[in-house]
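Engineer: Here you go, sequence then predicted model.
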Amino acid sequence: MSAGTDIYTATIRRLLEPIGAFLEDESVSEVLINGPSEIYVERRGRLERSDASFASADDLEAAARAIAQYVSKRLTPEEVSMEARLPDGSRVHIVQTPAARNGLCISVRKFARSRLRIEGLVASGSLTAEAAEFLAIAVALKKNVIVSGGTGSGKTTLLNCLSGAIGSDERIIVIEDSSELQFQQPHVVGFEAKAPGRNGRGGASIRDLFRASLRMRPDRIVVGECRGGEALDMIQAMTSGHAGSLSTCHANTPMDALRRLETMALMSGVEIPLHALRSQVASAIDLIVQIERRADGVRRITQITEVAQEGEGSAIDYRCHDLFVLAPSPDGTGESLAHTGHRPSFSAEPGRYGMADRISVSRACWLAGN
C-alpha cells in the first residue's frame, strides 16, 4: 500500500467515524445514509434505523468528497450521482442535492472480509448440495451463466461463489463499474469503468472495456453486471468462441432476465431484427440462476434454468427448462431447491471432457453412464 493510499484510508476512516462501528460489524451488510441525521443498516437481511448521525451536512459532504477522491473522481454539481468504493473494497453509491431532497445520500455495500464459497451457500440453506455440484460442473464445462435477481438479492455473492469452479490455469478478465468481485485464481485481470473528465476525455465504459478484453486473450470474461449496450457485445462474444462467461442482471424471473438482456442489447445502437437477436441470446446463454431475497431477509436460489430456442423465422422465442426449482420440502418443514428431473442438453459433456469423476450427489442431473 502506497503512502498516498495510506493517507486516503486514514482520512476516510476518520470522516466516516459516525458509521465506523457498522463498517467493522460483520453482521452488517449495508449502511444507508439518508442525510446527516438518518442512518439505517441492513443486518442479516433486515433493515433497522440506528442512533448514529453525522454532526452536520458539511461533515457528511467532506466524507463523500474523500471517498470520491480515493477513486479519482470529483463531487461536482454537474454529477449528482456517482459510484465509488472504500479502501477495503466496499461499494459506495453517492447521490447529492438537489436530486437527493433530504440531503446527500450514501449507500455502502460492504466488502466481505472472508470469501464465501459455494459450500457456504449450502450450509446456509440457500442452495442444496446437489444443485451446488451441478453448477460447479456447469461452470467448469464453460457454460455461459447469468445470475438474475433483484437489488440486494445476493447476485454478486453468488457470482463470487460460482467463480470458484473456474480453473486455476485460466486467464480471467473481470469488468466492473466499481470493483467488487473477489476471485482467488492466480491470473485475474481487473478492469474498472471510468467516467470521462471535465473535458469529456479519458473515460472508459463497460462496453469499451469489454471490447478491449476480447483482444487480450481471455479464457473467461466476467462482467459484474450488464446494464446497457454491452449486453450485445457479450452475447456476440459468447457465440463466437468466448465460452464460460459469467454476469448478473436485474430481473425477477429467468424469462424476465432474457427479455431484459435483449432490451439492453437493443440499447447498443446496432440495428438488428428482434428475431435475430433472440436467436443469438438463446444460443449464447446456457443457464440462468435466479436468486431472491425473502421478506425475512433470507436469500434463496429459486430456479436454475436452461435456455433454449423455440419457433423459427420471425416467430423465434425463448424456451426455459427448469432444472431445479424451489419447492416445499418432502417433510413439509420448509422449502428446498429440488431437481425437476429434466436433464440439460449438455448432460453428456462431463463424460466427454473427463469430468465424470466430479459427479457425486448430482448424478440424477446427468446422463446415465457419466
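Structural biologist: Everything's here; your move.
Engineer: quick check: domain ranges of this protein?
Structural biologist: Following automatic domain parsing, one gets these domains for the chain: 3-109, 118-365.
Engineer: Going by secondary structure, residue 159 is in what exactly?
Structural biologist: The secondary structure element spanning residue 159 is helix 155-163 (assigned by DSSP states H and E).
Engineer: So which elements touch that helix?
Structural biologist: helix 118-124, helix 129-140, strand 145-149, strand 246-250, strand 287-293 (3 or more Cβ pairs under 8 Å, 6 or more residues apart in numbering; DSSP states H and E). (C-beta placed from N, C-alpha, C; glycine too.)
Engineer: If we use 6 Å, what do you get?
Structural biologist: Judged by 3 or more Cβ pairs under 6 Å, 6 or more residues apart in numbering; DSSP states H and E, helix 155-163 is in contact with strand 145-149, strand 246-250.
Engineer: Neighbouring strands of the last one in the sheet, and parallel or not?
Structural biologist: Pointing back at strand 246-250 there. strand 145-149 (parallel), strand 220-223 (parallel) (DSSP bridges).
Engineer: Looking at the helix holding residue 159 now, give me its mean pLDDT.
Structural biologist: Taken as a whole, helix 155-163 has a mean pLDDT of 92.
Engineer: Quick one: work out the angle between it and strand 287-293.
Structural biologist: 140 degrees (axes from the mean of the first three to the mean of the last three Cα atoms, to 10 degrees).
Engineer: who touches stretch 71-88?
Structural biologist: Contact partners of stretch 71-88, identified using Cβ atoms under 6 Å, 6 or more residues apart in numbering, comprise 9, 64-65, 67-68, 91-96, 99, 111, 177-178.
Engineer: can you give me the end-to-end distance of that stretch?
Structural biologist: Using Cα to Cα, to the nearest Å, one end of stretch 71-88 lies 12 Å from the other.
Engineer: what comes up buried for it?
Structural biologist: Buried residues in stretch 71-88, defined by neighbour count with 16 or more other Cβ atoms under 10 Å: 71, 73, 75, 82-87.
Engineer: need the residues you listed in a markdown table with secondary structure and pLDDT, can you?
Structural biologist: Below are the buried residues of stretch 71-88 laid out as a markdown table (DSSP: H, G, I helix; E, B strand; the rest coil; pLDDT from 0 to 100):
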| residue | secondary structure | pLDDT |
| --- | --- | --- |
| 71 | coil | 84 |
| 73 | coil | 83 |
| 75 | coil | 85 |
| 82 | strand | 88 |
| 83 | strand | 86 |
| 84 | strand | 87 |
| 85 | strand | 86 |
| 86 | coil | 90 |
| 87 | coil | 87 |
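Engineer: List just the nearest of those residues to residue 130.
Structural biologist: residue 85 (35.9 Å; Cβ to Cβ).
Engineer: Grab the nearest non-local neighbour of the closest one.
Structural biologist: Leaving out its chain neighbours, the residue that sits closest to residue 85 by Cβ to Cβ, 6 or more residues apart in numbering is residue 178, at 5.1 Å.
Engineer: Look up the residues forming beta bridges with residue 85.
Structural biologist: Under the criterion used (DSSP bridges), residue 85 bridges to residue 91.
Engineer: and the gap between it and residue 91?
Structural biologist: Distance of residue 85 to residue 91, given as Cβ to Cβ, to the nearest Å: 6 Å.
Engineer: Many thanks, we can stop here.
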